[in-house]
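Enquirer: Sequence first, then the predicted structure:
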Amino acid sequence: MDERASEPVNEGLVPNRSAPVPPAPAPTHESSLRMPQEDWLDPALIALDVPATRIKDVLRAAARVASARTGVSESTIEDALHTRARQGGIAVGHGVAVPHGAIEGLDHPVVGLIRTRTPIDVSAPDGAPADLFFYLLAPRSAAKDHLLALARIARLCHSNVLLEGLRQAEHPGDIHLIVEAAEARQAQRPAAAAERAAPAAARTDWITIEIAGEQAVDNLLVELVEAGLGDGVVVDGQSLRDAMTKELPLFAGFRDLFGDPGGRRIIFLAVPATRTDEVISLVREVCADVGALSARVTALPIKQAWEYEPPKPIEAGGH
């Protein structure tokens, strides 16, 4: 990542270069995330070339921009972002970080961008300092929307072409249009896969995805959550040969998002048969985008299924 000329820290934001913002096209990205389009990387939520040298400077800049838009006090926003940043894990890699926090009183997530003039060390897994800081504010009572917004941001960060465009953009309006165009392209991919899928009866398929490679696993998890398939199960896995030679026990469970380089994961999904081709397309595209050490998808029709539902408690006064 190219280093930009360093300047002293300025407590205020560098004013964005004034320029007319082109009218945004009608949104084409469909998502189950409840977020008004105007609060998703709107030019008013973006600040470019902020002369920050510490994460604290970035969070302060984000608080000032977001406060003007949401009406929430700067101190409340900054405290929420600091709370999460102190816990670590905001660095995505490739020069990107995502500080985020829960805010009392918001009724939907708000996402903006701070681009710093000088990249800042954020202890990223790939060691790269960050100059693109997507900040997310979400309602304290909306954990699902919080997760979906993070997944939506992470999905954008998969594209090196998009990230380079964000670094070269001269105005906040350019950022907004670049992101909208990228999301429109991404939205077309599952639609195309659905069109290719042959009509199927009301049948459910059991899909097993075996995939190895840290970045491929990370990207695929985000894609599946974004596609509304977040109820699947992920387990860690090793081949029998690896287990024998390394003398490591097999274990199941979720892994840290950026840990265990090259880890092999097995993902189980039960999906309508009409979406099986879509899932296979997602795996294929992830492998093409970032590569994978290995990947395989198996789909089998479910002939019979049973699900236990706990009995409902008897209401007071019932018999």
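Expert: Looks like it arrived, so ask away. Numbering: from 1, shown residues only.
Enquirer: Report the helix or strand with the lowest average pLDDT across the protein.
Expert: Lowest by mean pLDDT, DSSP states H and E among the helices and strands of the chain is helix 240-246, with a mean of 50.
Enquirer: distance between stretch 222-232 and the chain's centre?
Expert: Taking CA atoms, centre = their mean, to the nearest Å, one finds stretch 222-232 lying 11 Å from the centre of the chain it belongs to.
Enquirer: With just CA atoms, put it into CSV.
Expert: Output of stretch 222-232 as CSV, limited to C-alpha atoms (Å, rounded to 0.1, in the frame of the first residue of the first chain):
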residue,chain,number,x,y,z
VAL,A,222,-19.3,-13.5,4.5
GLU,A,223,-20.9,-14.4,1.2
LEU,A,224,-23.1,-17.0,2.8
VAL,A,225,-24.3,-14.7,5.6
GLU,A,226,-25.0,-11.9,3.1
ALA,A,227,-27.0,-14.4,1.0
GLY,A,228,-29.2,-15.1,4.0
LEU,A,229,-27.7,-18.5,4.8
GLY,A,230,-26.3,-17.7,8.2
ASP,A,231,-28.0,-20.6,9.9
GLY,A,232,-25.5,-23.1,8.6
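Enquirer: Name the residues of that stretch that come out as buried.
Expert: Buried residues in stretch 222-232, counted by 16 or more other CB atoms under 10 Å: 222-227, 229, 232. Where you see a C-beta, it was placed from the backbone N, CA and C, and this is true even at glycine.
Enquirer: and if you look at stretch 204-220?
Expert: Across stretch 204-220, burial judged by 16+ other CB under 10 Å covers 204-207, 209-220.
Enquirer: just stretch 117-124 next, same as before
Expert: Neighbour-count burial for stretch 117-124 [16+ other CB under 10 Å]: 117-120, 122, 124.
Enquirer: Could you check how many residues crowd around residue 305?
Expert: The tally of other residues near residue 305 (other CB atoms under 10 Å) stands at 8.
Enquirer: Would you mind listing the residues in contact with it?
Expert: Residue 305 is in contact with 204, 270, counting by CB atoms under 8 Å, 6 or more residues apart in numbering.
Enquirer: Please name every helix or strand in contact with the helix or strand harbouring residue 101.
Expert: In this structure, residue 101 sits in strand 100-103 according to DSSP states H and E. With contacts taken as 3 or more CB pairs under 8 Å, 6 or more residues apart in numbering; DSSP states H and E, strand 100-103 sits against helix 74-86, strand 130-139, helix 143-156.
Enquirer: Mean neighbour count, distance to residue 164 and mean pLDDT added to the ones you listed, as JSON lines?
Expert: Putting the helices and strands packed on strand 100-103 into JSON lines (neighbours: other CB atoms under 10 Å; distance: least, CB to CB, whole Å; pLDDT from 0 to 100) gives the following:
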{"stretch": "helix 74-86", "mean neighbour count": "17", "distance to residue 164": "26", "mean pLDDT": "93"}
{"stretch": "strand 130-139", "mean neighbour count": "25", "distance to residue 164": "10", "mean pLDDT": "95"}
{"stretch": "helix 143-156", "mean neighbour count": "19", "distance to residue 164": "13", "mean pLDDT": "84"}
